[in-house]
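A.B. asks: Here is my input; please provide its structure:
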Amino acid sequence: MKKILSILLVLTLLMATACTAPAGKEPSAAPSSQAPSASAGNSADPGGKVFRISTYLQLSGNNAEAGNNAKNGIDLAVKYINDNGGFNGATVQVDHYDTTGSTEEAVKVVQRVIQNNSADAIIGSVN
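C.D. replies: As a prediction, the model looks like this:
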């Protein structure tokens, strides 16, 4: 129970950090990713169950710093979970999607994930 509470606390702090404004960076012109980036954490039992999480974060564009900070925090939490036996014995796998700060792109990503039934959980950002 303490592990779960500490993980939830880390994720809550991560999301609070992701909501802060960046320190005056110039916008980037990186294109939106249509496929997930590299998955995080594969230290739990590879032959067992997989608990899949999809994230939709602003990994490029005006607020990319906050999105990448959130991605790094999620990856760190997933590594910790997998290194400690996984989520109820299942390996946690994360697929990150870039929204480029566009609400339209965020909607497309979430609809694609839901239609493909490719995630057990979805973590989103503020767009």
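
A.B. asks: Tell me where the protein has helices.
C.D. replies: Along the chain, counting by DSSP state H, helices occupy 2-18, 64-83, 103-116.

A.B. asks: Would you mind putting those helices into a markdown table with mean neighbour count, distance to Thr55 and mean pLDDT alongside?
C.D. replies: Heads up, the C-betas are built off the backbone N, CA and C, glycines and all. Compiled in a markdown table, those are given as follows (neighbours: other CB atoms under 10 Å; distance: least, CB to CB, whole Å; pLDDT from 0 to 100):
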| stretch | mean neighbour count | distance to Thr55 | mean pLDDT |
| --- | --- | --- | --- |
| helix 2-18 | 13 | 10 | 62 |
| helix 64-83 | 19 | 6 | 94 |
| helix 103-116 | 15 | 9 | 89 |
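
A.B. asks: Including distance to Ile123, could those go into TSV?
C.D. replies: Supplementary listing: the helices of the chain in TSV, determined by distance: least, CB to CB, whole Å:
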stretch	distance to Ile123
helix 2-18	8
helix 64-83	7
helix 103-116	11
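
A.B. asks: looking at those, which is closest to Gly89?
C.D. replies: When the helices of the chain are ranked by proximity to Gly89, the top entry is helix 64-83, at 11.1 Å, counting by CB to CB.

A.B. asks: coming back round to it: of the helices of the chain, which approaches His96 most closely?
C.D. replies: With CB to CB as the measure, helix 64-83 is the member of those nearest His96 (5.5 Å).
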